[in-house]
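A.B. asks: 3D model of this:
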Amino acid sequence: MLEWIARGLSKGRVTTHYPARAEHGPPGYRGAVKVRDAGSAPSALATVCPTGAISVHGGDVRLDRGRCILCGDCVHAAPDWFEFSERYETATRSRPGLIVDRMNGNQEVEPARRALGEQARALKRSIHVRHIDCGSDGSEEWEIQALWNPFYDIQRLGFFLTAAPRHADVLIVTGGVTGPMRAPLERTWDVMPEPKALVAVGTDACSGGLAAEGGLVAGGVSEVLEVDVFVPGSPPAPIAIMHGLLLAVGLLVEERVT
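C.D. replies: Model prediction:
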């Protein structure tokens with residue numbers, strides 16, 4: 001025990017300071033794909049993406065981060081037009097906000113959920129989060145679970161997990177919503193008290209991902225319920241999810257998508 005105490009004192013604080021301080025991914029981290037200003041693009045560039053996230057119109061490239069699975073095919077095949085960002089913040093308050101091009105890397109910031117933000121401040125930032133898996137591959141669950149470990153320690157920001165939807169302020173949804181999970185998702189949302197917010201986490205939740213074309217899923221959570229914040233990525237990093245939660249409750253009013 002004394003050895004562990006000495007080791008802890010020698011290392012000092014290891015918990016991230018985010019959001020008080022910006023956090024950037026390590027070299028090579030795939031935070032999001034950025035569209036570079038490389039001039040007119042050939043139409044064949046759209047065929048590089050396995051999920052159809054890339055489109056080319058009149059030489060202008062557009063990328064739908066809501067469909068991007070971060071496979072890197074576009075970055076490797078066309079580095080003049082695409083590159084990875086090392087920023088964690090990828091969440092946005094609207095589905096169109098996930099569509100970027102070389103002229104518009106950032107989207108207009110929409111009004112925050114003021115009521116939920118006021119409730120958070122009144123309750124000393126006590127926000128209870130319910131998570132429901134609606135057909136995820138399991139990768140997002142690992143990242144969500146990490147938010148409550150000692151490094152990310154999202155409880156320091158006032159977020160607590162709850163198994164009871166009637167006690168929840170925020171609903172995190174993963175997966176593209178399979179048929180059997182549609183009704184449980186709707187029931188969970190219906191019994192949550194107002195004010196409340198819904199956060200779609202991961203590419204599957206944002207758009208249906210690779211399963212969207214096969215009819216196995218609804219095509220994203222927004223096809224079933226109104227989504228307040230989208231967090232793209234396959235999977236998104238814990239800080240990206242943290243960024244989305246802070247946006248959802250109005251504790252962070254500035255979007256930092258790049």
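
A.B. asks: Tell me the gap between stretch 28-35 and the middle of its chain.
C.D. replies: 14 Å (Cα atoms, centre = their mean, to the nearest Å).

A.B. asks: what about the longest strand in the chain?
C.D. replies: Using DSSP state E, we find that the single longest strand of the chain is strand 127-133.

A.B. asks: Following element in sequence after that one, please.
C.D. replies: Where DSSP states H and E defines the elements, the next helix or strand beyond strand 127-133 is helix 139-146.

A.B. asks: now that next one against strand 127-133, angle please.
C.D. replies: Counting by axes from the mean of the first three to the mean of the last three Cα atoms, to 10 degrees, helix 139-146 lies at 160 degrees to strand 127-133.

A.B. asks: What would helix 139-146 look like as CSV? C-alpha coordinates only.
C.D. replies: C-alpha atoms of helix 139-146 as CSV (Å, rounded to 0.1, in the frame of the first residue of the first chain):
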residue,chain,number,x,y,z
SER,A,139,-16.4,-0.5,-30.1
GLU,A,140,-18.3,2.6,-28.9
GLU,A,141,-19.1,0.9,-25.6
TRP,A,142,-15.4,0.6,-24.7
GLU,A,143,-14.9,4.3,-25.3
ILE,A,144,-18.0,5.3,-23.3
GLN,A,145,-16.9,3.1,-20.4
ALA,A,146,-13.5,4.8,-20.4
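
A.B. asks: Let me see the mean pLDDT of it.
C.D. replies: Averaged over helix 139-146, pLDDT sits at 96.

A.B. asks: tell me which residues in the helix or strand that that helix is followed by are buried?
C.D. replies: Going down the chain from helix 139-146, the next helix or strand is strand 159-161, by DSSP H and E. By neighbour count on 16 or more other Cβ atoms under 10 Å, the buried set for strand 159-161 is 159, 161. C-beta coordinates here come from the backbone N, C-alpha and C atoms, glycine included.

A.B. asks: likewise stretch 77-96?
C.D. replies: In stretch 77-96, counting by 16+ other Cβ under 10 Å, buried: 78, 81-82, 84-95.
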